[in-house]
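Asks: Kindly return the folded structure for what I paste below:
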Amino acid sequence: MTKSSLAASSGLSYGTAMRAIEAMLDAKLIVTRPRTSTGRAFSLHPSGDLISRWHAFAHRGEKLLRDVTAEVHSDRAGARRRTAPEVAPGIIPPPAVLTEKLSLGRALRVLVHADTTFMAMSALKRQFELILGVPIEARARPIDPLHDEIVANSKRSQSRYDLIACDLPWFGEMGHHGRLLPLDQLMAETPVDTGDIYAAALASSRHGGQQLGIPMLMTGEVFAYRTDFLQEKGVSPPRNAAGVIEAARRLHAPRQGVCGIVWNGGRGTALGHSFIMMMGAFGRPIIDLQRTPQGFDVEGARGEALRPTFLSEEARQTVDYMRELMAYSPQNVLDITWFERASIYANGNAAMAYSHSLLAHLHEMVPQSPAYHKTGYLPHPNGPNGRPIVPVGGYALCIPANIAQVRIPSVWQALRVLTSANAGKLYLMNGSLASARISVSRDPEIHTISPFIGAIDDFAVKGYLGMWPRPPIVGVPEIITIAGEEIHDLLAGRKGIEQALNDAQNRADSIMRGQGHY
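Replies: Reported below is the predicted structural model:
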C-alpha cells in the first residue's frame, strides 16, 4: 500500500502515523518498491522480519488469552491453574516480499500441472505477484499434454516459459535430451535449503549427477482403508498382500454398494502404474536395479541393471495378486483411473483403496464424504519377498534450457520463492495435501489440516518412501504404458500369463535397447 493509505488505516493522527512509518522504514521493518518507472512513487510492504514478529505476537497473544481464561475458570472452580503450552518453534510464517522487483521486463511465465497444489498457487496468484513484483502468467495442463508441451517448448529457439513444472519420473528423459537447465551453479551462488526437502523427491529431480529442478510438491501412493468398516467387521488393517485379499473378502458387500477394494485398472498408464508399484511391494522394480540396504540403486544404474523384469517371479506373483483383487473390486475396475478410484472411495463405495495424495482432498477436505476423518493409511502391503513401500511422485519447478540468458537470475529468484517452505505452507493452507519440505509437514498449524500429511512424514521417517518403484530413467515411461496394455489384456482374459508377460518383456526390451542402455 502507499504511505497515505497506511496512515489512514492505522487509526492514528496523520502526523503520528507518518512518524511511526518513518521509524519502521529506518528499522527496515517496511520494504519500499518503486511503483512507477520514474521511481518517485513507492509502495510499502511488510518485511520478512515484520511478518515474523507479527506471527510470533499473534501466537503469544493467543497464549496469554488462554492463560487468562484458564485462570478465570480455575478461580471459579477452585482448581489449580493450568498454563497453556508455549508456541511451537516450528511454525512457518508467510513469505515476505522481495526487497526489489524481479527484473523480467514482463510477466513471469509458468507452465504447471492442473492439480490441487498448482490450483492453490493460482488462487494465491495476486499474493505472489506482490511478493515477486511482476505479473504471473500461468498455463495449467493435464499430465500428458503437459509432457508434450515441455517437449515442444524445448525445440523452440527460445523458451516460451520461464518456469516449468516437471513430473518427477520425467527427469531421466528431460535430462537425457538436455531440455532443462542444470541448477548446480545457481545453487552454489544462492543456496537452497535442500536438507529440508525429502531425500527421495530431491533425488528424483536429478539426472547424470546434476540437479535439474527443485521439488515443489511430493506425493505418495499409499494404501487407504475405512477405519469404521474394519472396526465393524473386526478386521485388522492389512499389512501384506495376503492380508489385503482376506480383508477385501470380508469387507466386500456389493448389495450394500460397497466393494472390498478399488484400484487403477484402466488400460495404459493407469494400470501400468498399479502394476509397477504393486510389484515394487512384492520386492522387484520394473527394471533390474541393483539392490541396496535402503532399496535399489537408481542413480548408478547402467547396462543390464536397466533390463525389464516382466519375466521375474515377482511379476508373476503381482499378476496373481491383481487377479485375486478383481473378485472384490468394482465390476468395471479395468476401466477405472485415478479420479474414478478416488471418487469411489470418497463416496463411500469402497472399504479400501490404493490411493494417491494428489486426490486425497476428495475425502480429507470434504466433511460430506463418508470417509472424512474415518481413513487410515499404510504403506503398500508387501508380498512374500518384499517390504512396505510408499512410491514417491510429485513435481519439481525447473528452468528450460533454452531460456534467454538475461532472464535466468530473476527466474532463479522466483523459483526459490515458489519452492520455499513459506510458500509450501501457503499451498497446503489453500487446498493442497502434498508437501516436499519436512519443515512444512511438521508445522503444528499444518497438522490441523489433515492426518494424511503427518502420515506421509511418518512414512519418510520409517524409510518407506522410495523413488525406485517408478525410477526417473529414459524409457521407463514407455515401459509403464506397455505394462498397462499387456497386463490389461491378461486381466481381461485376452491373453494368458505367459504370453502377456513375454510380450511385455519383448516390447520393453526393445525400448531399452533402442535407448542404447545395453
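
Asks: what about the stretch 101-250 of the chain, any weak spots by pLDDT?
Replies: Along the stretch 101-250 of the chain, the model assigns pLDDT under 70 to no residue.

Asks: List the buried residues for the helix or strand of the chain with the lowest mean pLDDT?
Replies: Least confident helix or strand of the chain, by mean pLDDT, DSSP states H and E, is helix 48-77 with a mean of 74. Within helix 48-77, the residues scored as buried using 16 or more other CB atoms under 10 Å are 48, 50-52, 59. In this view, the C-beta of every residue, glycine as well, is placed from N, C-alpha and C.

Asks: of those residues, closest to residue 178?
Replies: Closest approach to residue 178 among the buried residues of helix 48-77 (CB to CB): residue 48, at 36.3 Å.

Asks: Output the buried residues of helix 48-77 as CSV; include the columns distance to residue 25.
Replies: Below are the buried residues of helix 48-77 laid out as CSV (distance: CB to CB, whole Å):
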residue, distance to residue 25
48, 15
50, 11
51, 16
52, 18
59, 26
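
Asks: with the residues you listed in mind, which one is nearest to residue 183?
Replies: Closest approach to residue 183 among the buried residues of helix 48-77 (CB to CB): residue 48, at 23.3 Å.

Asks: Give me the distance between the closest residue to the closest one other than its chain neighbours and residue 464.
Replies: Leaving aside its sequence neighbours, residue 48 sits nearest to residue 96 (CB to CB, 6 or more residues apart in numbering; 3.4 Å). The spacing between residue 96 and residue 464, counted by CB to CB, to the nearest Å, is 35 Å.

Asks: ok so, going back, tell me which of the buried residues of helix 48-77 is nearest to residue 186?
Replies: Residue 186 has its nearest neighbour among the buried residues of helix 48-77 in residue 48, at 21.3 Å by CB to CB.

Asks: give the contact list for that closest one.
Replies: Counting by CB atoms under 8 Å, 6 or more residues apart in numbering, residue 48 touches 93, 95-96.

Asks: again, 10 Å this time
Replies: Neighbouring residues of residue 48 by CB atoms under 10 Å, 6 or more residues apart in numbering: 28-29, 31, 93-99, 422.

Asks: Look through this structure and tell me its longest strand.
Replies: For the chain, the longest strand by residue count, based on DSSP state E, is strand 214-226.

Asks: Keeping just the C-alphas, turn it into PDB.
Replies: What follows is strand 214-226, C-alpha atoms only, in PDB (Å, rounded to 0.1, in the frame of the first residue of the first chain):
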ATOM      1  CA  ILE A 214      13.700 -28.100  -7.000                       C
ATOM      2  CA  PRO A 215      10.700 -30.200  -5.700                       C
ATOM      3  CA  MET A 216       7.600 -28.100  -5.200                       C
ATOM      4  CA  LEU A 217       5.400 -31.000  -4.100                       C
ATOM      5  CA  MET A 218       5.900 -34.600  -3.200                       C
ATOM      6  CA  THR A 219       3.200 -37.200  -3.500                       C
ATOM      7  CA  GLY A 220       2.900 -40.700  -2.200                       C
ATOM      8  CA  GLU A 221       0.900 -43.700  -3.400                       C
ATOM      9  CA  VAL A 222      -0.500 -45.300  -0.200                       C
ATOM     10  CA  PHE A 223      -2.900 -47.900   1.000                       C
ATOM     11  CA  ALA A 224      -6.100 -46.300   2.500                       C
ATOM     12  CA  TYR A 225      -8.800 -48.000   4.500                       C
ATOM     13  CA  ARG A 226     -12.000 -47.100   6.200                       C
END
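
Asks: Which is the succeeding secondary structure element to it?
Replies: helix 227-233 (DSSP states H and E).

Asks: Tell me, how many residues neighbour residue 117?
Replies: Number of residues near residue 117 (other CB atoms under 10 Å) recorded here: 27.

Asks: For my notes, confirm it occurs in a helix.
Replies: Yes - with DSSP: H, G, I helix; E, B strand; the rest coil as the criterion, residue 117 is part of a helix.

Asks: Assign a three-state SS to the nearest residue to it once chain neighbours are set aside, would you?
Replies: Distances taken as CB to CB, 6+ apart put residue 432 closest to residue 117, at 4.0 Å, once the chain neighbours are dropped. Of the three states, residue 432 takes coil according to three-state DSSP.

Asks: in the stretch 401-518 of the chain, which spans are strands?
Replies: Using DSSP state E, counting those that start in this stretch, the strands of the stretch 401-518 of the chain run over 465-466.

Asks: sorry, that was for the stretch 101-250 of the chain
Replies: Going by DSSP E, counting those that start in this stretch, the stretch 101-250 of the chain shows strands at 108-113, 136-141, 163-167, 206-207, 210-211, 214-226.

Asks: Can you lay out those as a markdown table showing distance to residue 416 and mean neighbour count?
Replies: Below are these laid out as a markdown table (distance: least, CB to CB, whole Å; neighbours: other CB atoms under 10 Å):
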| stretch | distance to residue 416 | mean neighbour count |
| --- | --- | --- |
| strand 108-113 | 13 | 23 |
| strand 136-141 | 15 | 17 |
| strand 163-167 | 11 | 27 |
| strand 206-207 | 18 | 22 |
| strand 210-211 | 13 | 18 |
| strand 214-226 | 8 | 27 |
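
Asks: okay if I get the ones you listed as TSV plus distance to residue 362?
Replies: Below are the strands of the stretch 101-250 of the chain laid out as TSV (distance: least, CB to CB, whole Å):
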stretch	distance to residue 362
strand 108-113	17
strand 136-141	19
strand 163-167	21
strand 206-207	32
strand 210-211	33
strand 214-226	11
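
Asks: Distance check, the nearest residue to residue 512 once chain neighbours are set aside against residue 169.
Replies: Closest residue to residue 512 apart from its sequence neighbours, by CB to CB, 6+ apart: residue 475 at 5.0 Å. Distance from residue 475 to residue 169, counting by CB to CB: 11 Å.

Asks: same thing with residue 50?
Replies: Applying CB to CB, the value for residue 50 to residue 169 is 41 Å.

Asks: Pick out the residue nearest the middle of the protein.
Replies: residue 218 (2.8 Å; CA atoms, centre = their mean).

Asks: need the contact list for that residue.
Replies: So residue 218 contacts 168, 197-198, 200-202, 204, 357, 392-396, 424, 434-437, 441, 456, 460, 465 (CB under 10 Å, 6+ apart).

Asks: got it, and residue 24?
Replies: 6, 30, 44, 46-47, 50.

Asks: so which strand or helix has it?
Replies: Here residue 24 is assigned to helix 14-26, by DSSP H and E.

Asks: Next, the buried residues of that helix.
Replies: For helix 14-26, burial by neighbour count (16+ other CB under 10 Å) applies to 17-18, 21, 24-25.

Asks: try stretch 26-37
Replies: Within stretch 26-37, the residues that count as buried by 16+ other CB under 10 Å are 29-31, 33.

Asks: now do stretch 297-314
Replies: 298, 301, 305-310, 312, 314.

Asks: Assign residue 390 to helix, strand or coil.
Replies: strand.

Asks: need the contact list for it.
Replies: The contact partners of residue 390, by CB under 10 Å, 6+ apart, come to 200, 219-223, 277, 280-281, 357, 377-380, 455-456, 459-460, 462-466, 469.

Asks: Now, of those residues, which are buried?
Replies: 200, 219-223, 277, 280-281, 357, 377-380, 455-456, 459-460, 463-466, 469.

Asks: Report the backbone C-alpha coordinates of stretch 238-251 in PDB.
Replies: Presented in PDB, the C-alpha positions along stretch 238-251 are these (Å, rounded to 0.1, in the frame of the first residue of the first chain):
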ATOM      1  CA  PRO A 238      -3.800 -55.400   6.200                       C
ATOM      2  CA  ARG A 239       0.000 -55.100   6.100                       C
ATOM      3  CA  ASN A 240       0.800 -57.800   3.500                       C
ATOM      4  CA  ALA A 241      -0.800 -58.900   0.200                       C
ATOM      5  CA  ALA A 242      -2.400 -62.000   1.700                       C
ATOM      6  CA  GLY A 243      -4.000 -59.800   4.400                       C
ATOM      7  CA  VAL A 244      -5.400 -57.500   1.700                       C
ATOM      8  CA  ILE A 245      -7.200 -60.400   0.000                       C
ATOM      9  CA  GLU A 246      -8.600 -61.600   3.200                       C
ATOM     10  CA  ALA A 247      -9.800 -58.200   4.300                       C
ATOM     11  CA  ALA A 248     -11.300 -57.400   0.900                       C
ATOM     12  CA  ARG A 249     -13.200 -60.700   1.000                       C
ATOM     13  CA  ARG A 250     -14.700 -59.900   4.400                       C
ATOM     14  CA  LEU A 251     -15.500 -56.300   3.600                       C
END
